[in-house]
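S.K.: what would the 3D arrangement of this be:
(2 chains)
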Amino acid sequence: MSSTKIILGLFDDPDAMLDGIHKLQQNSVPIYDVYTPMPIHGIEAKLGIKDSRLGYAAFLFGCTGGTVAFSMLYYMLVHDWPMNIGGKPAFAIPDFVPITFEWTVLFTAFGMVATFFYATHLFPGRTPRVMDLRATDDRFVIAIDAKGNVPHADITNILKEAGAVEVKHNDRKYVSYE
Amino acid sequence: MSSHSESIIREPLITGENITYGQITNDVLRPIENKPTKAWWIGFTVASLGALLWVVAVSYTFWFGIGSWGLNKTVGWAWDITGFVWWVGIGHAGTLISAVLLLFRQNWRNSINRSAEAMTIFAVICAATYIVAHMGRPWMAVYSLPLPNQYTLWVNFNSPLIWDVFAISTYFSVSLVFWYTGLLPDIATIRDRASGIKQQIYSVLSFGWTGSVKTWQRFETVSLILAGIATPLVLSVHTIVSMDFATSLEPGWHTTIFPPYFVAGAIFSGFAMVQTLLLVTRKVLGLENYITMFHIESMNKIILLTGSIVGVAYLTEFFIAYYSGGEYEQYTFLNRFIGPYWWAGCMMYGCNVLMTQLMWSKKIRTNIPVSWVLSIIVNIGMWFERFVIIVTSLHRDYIPSSWAMFYPTWIEVSIFIGSIGVFFTLFLLFIRVLPSVAMGEVKLLLKGASEQAKLEKIKHGHVDKEQVEFYKQSLEKFDSVELAKYEKV
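M.R.: Predicted coordinates:
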């Protein structure tokens, strides 16, 4: 039993990497994850990753923001301390629009981004779990869990055939911990 | 697909030979991974001296009160609000580039959005400091917030000034979130190339970004939605700024055209500032291959368009003053030309309308020194626009006995010059420590929209001869393209 924990296929071209994913899938090799320096469109569908639900979260945060702002304005200007300004109505809805709008946007932005950071485990000081340091630079990396996926030589060949410039057999999962 | 196959007639967004993904990283990170150049030090020294002047002048204001400014009973708002509106307007271009152009799928935004967004944030910081400074007693700023206080009174939410508090603070914080989220992948790139303490700092700043599929997928969703909400936000911000004036009864301010007029003016001045900064940045940082002549010309076209919209708004104001028959309104607009501030009016109309019309000429649009000078002229013109609207309208309104002139003191002048220093100090620090070009987004363009990909396409044949000729002609204006290699193909 080798000590290899993870197999990395490094590509210098996104199209070659997509080809690599295709070939691995044809050979029924499960892919652990893919790391790229830029977003590759269409890759989620290929890997069977579900659509992001952040849009729904954003909508709910927006609704919350609008409701909070409007309720606050109503409470302060109409309920708690209605002021007589030239006999005009205290419940002046047009005047409520700008701040209601601003807080809708504010809550949407902060709520959605906070959800994104929470769901993706992004926060200041988190140890980066990087498998290859060039995955944020100029390498498109396919990671394959080495445990149970044998023989490793076959996987290496599939990756090489698809145009991988380098195939790494790493004993450690994350190089950034070193 | 990693990239769209682009028509040959579209001009390239990345020029140069043998550009690889690694090359893009190297080029963009050069100023961050190396010691600063002499040019940077000179710029930083001058800018931080300006920032120091700002600290002195604002401290003086806080110590002695706004009595140290040249304001009087008639002209109660002058350089302070002029400076505030000027800076907020400048800030708008960053959001326009990063949000509106994203929604319109304008790929040329990819290489300029990062620095434009940074510019937005620094400009809004300058604007916000003006608001705090013009209060004279900055600790009173807390009363603009709806907090329970000892008077048990709430703020007046019917006032546009209170809307402005909410608009500017929302705009600043949402822009900051948008900018920083976009920066995460690029900070991760710096982190993975650095070592030692630098790596640790960027590691904290990168939030542990890895670039996995799910992260990118969510990232793209977040960017799109943020762009979608930032677009109406940016329009609302300057609309509300204009309402600070438009809801008053002052002739020259009391105008329904103000919201679109101010928004157009904001985009106009903002793009001019982006142009001013980027023409220097591309040269000093050697980014000619990423910020190309196509980008410069496109920005000039937007300056021309928005400058013309502003021109139409000016004409409309004059027409309405005449057509309304209101004599105070008519006097205010005549006063812009025949009053004691005629020179400010001439600067406003001359710089903003007449000078930008020069950009109809392609020779001028694609000439870098001329474009740079014109962008400065627009910045000056837009400052005078706000000065004319504020001071020239105020100094002679209904009662001739209270007519007065406004003369700034050295404090006000210092705060203004100092705020420019603050802005440039922040911008220069930014280009030293963070990537000034969004690398991930530029890398997306490499396979489809770069000059080398298009050259390859031409060499392969299979493209229309006429279109190739058209494409070659469009390359003539580029300063970063060698035309010789196109003669053979």
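S.K.: skip the chain neighbours and tell me the closest residue to B:G350.
M.R.: In space, and not counting its chain neighbours, B:G350 is closest to B:G381: 7.1 Å by Cβ to Cβ, 6 or more residues apart in numbering or on different chains. Glycine gets a C-beta too; all of them are placed from N, C-alpha and C.
S.K.: what's around the one you found, how many residues?
M.R.: B:G381 has 25 neighbours, counted by other Cβ atoms under 10 Å in any protein chain shown.
S.K.: from the centroid of chain A, which residue is nearest?
M.R.: The centroid of chain A falls nearest to A:T120 when counting by Cα atoms, centre = their mean (5.9 Å).
S.K.: setting aside sequence-adjacent positions, which residue approaches that one most closely?
M.R.: Excluding its sequence neighbours, the residue lying closest to A:T120 (Cβ to Cβ, 6+ apart) is B:T215, at 5.3 Å.
S.K.: now do that neighbour against A:T36, distance only.
M.R.: Distance of B:T215 to A:T36, computed by Cβ to Cβ, to the nearest Å: 10 Å.
S.K.: what does B:R193 give?
M.R.: Between B:R193 and A:T36 the computed distance is 16 Å (Cβ to Cβ).
S.K.: who has more neighbours out of these two?
M.R.: A:T36 (26 against 19).
S.K.: residues contacting that one?
M.R.: Listed by Cβ atoms under 8 Å, 6 or more residues apart in numbering or on different chains, the contact partners of A:T36 are A:14, A:17, A:43, A:135, A:140-141, B:211, B:213, B:216.
S.K.: do that again at 10 Å, thanks
M.R.: Applying Cβ atoms under 10 Å, 6 or more residues apart in numbering or on different chains to A:T36 gives the contacts A:11, A:14, A:17, A:43, A:135-136, A:139-142, B:2, B:21, B:185, B:211-213, B:215-216, B:440, B:443.
S.K.: can you list the residues of the stretch 201-350 of chain B near chain A?
M.R.: Residues of the stretch 201-350 of chain B found near chain A (Cβ under 10 Å from any Cβ of the partner chain) are B:202-226, B:228-230, B:232-233, B:236-237, B:239-240, B:243.
S.K.: list buried residues within those residues.
M.R.: Buried members of those, counted by 16 or more other Cβ atoms under 10 Å in any protein chain shown: B:202-219, B:221-223, B:225-226, B:228-230, B:233, B:236-237, B:239-240, B:243.
S.K.: which SS class is B:A404?
M.R.: coil (DSSP: H, G, I helix; E, B strand; the rest coil).
S.K.: to clarify, my last question referred to B:Y60.
M.R.: Relying on three-state DSSP, one would call B:Y60 helix.
S.K.: what about it, distance to B:I81?
M.R.: As judged by Cβ to Cβ, B:Y60 and B:I81 stand 19 Å apart.
S.K.: for whichever strand or helix holds B:V370, what is the average pLDDT?
M.R.: Using DSSP states H and E, B:V370 maps to helix B:368-387. Per-residue pLDDT over helix B:368-387 has a mean of 94.
S.K.: which strands and helices sit next to it?
M.R.: For helix B:368-387, the packing partners by 3 or more Cβ pairs under 10 Å, 6 or more residues apart in numbering or on different chains; DSSP states H and E come out as helix B:79-95, helix B:258-284, helix B:293-324, helix B:342-349, helix B:362-365.
S.K.: ok, and the closest non-adjacent residue to the closest residue to chain A within the stretch 101-250 of chain B?
M.R.: Closest residue of the stretch 101-250 of chain B to chain A, Cβ to the nearest Cβ: B:G208 (3.1 Å). Excluding the flanking residues, the one nearest B:G208 by Cβ to Cβ, 6+ apart is A:R126, at 3.1 Å.
S.K.: what strand or helix carries the one you found?
M.R.: Using DSSP H and E, A:R126 maps to neither a helix nor a strand.
S.K.: need the CA coordinates for stretch B:417-434. PDB is fine.
M.R.: The C-alpha coordinates for stretch B:417-434 follow below in PDB (Å, rounded to 0.1, in the frame of the first residue of the first chain):
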ATOM      1  CA  ILE B 417      -5.700  70.200  -1.900                       C
ATOM      2  CA  GLY B 418      -5.200  68.000   1.100                       C
ATOM      3  CA  SER B 419      -8.100  65.700   0.200                       C
ATOM      4  CA  ILE B 420      -6.500  65.100  -3.200                       C
ATOM      5  CA  GLY B 421      -3.300  64.200  -1.200                       C
ATOM      6  CA  VAL B 422      -5.300  61.700   0.900                       C
ATOM      7  CA  PHE B 423      -6.800  60.200  -2.200                       C
ATOM      8  CA  PHE B 424      -3.500  59.700  -3.900                       C
ATOM      9  CA  THR B 425      -1.800  58.400  -0.800                       C
ATOM     10  CA  LEU B 426      -4.400  55.700  -0.500                       C
ATOM     11  CA  PHE B 427      -4.300  54.900  -4.200                       C
ATOM     12  CA  LEU B 428      -0.500  54.700  -4.200                       C
ATOM     13  CA  LEU B 429      -0.600  52.400  -1.200                       C
ATOM     14  CA  PHE B 430      -3.200  50.300  -2.900                       C
ATOM     15  CA  ILE B 431      -1.100  49.700  -6.000                       C
ATOM     16  CA  ARG B 432       1.800  48.700  -3.800                       C
ATOM     17  CA  VAL B 433       0.100  46.100  -1.700                       C
ATOM     18  CA  LEU B 434      -2.800  44.800  -3.700                       C
END
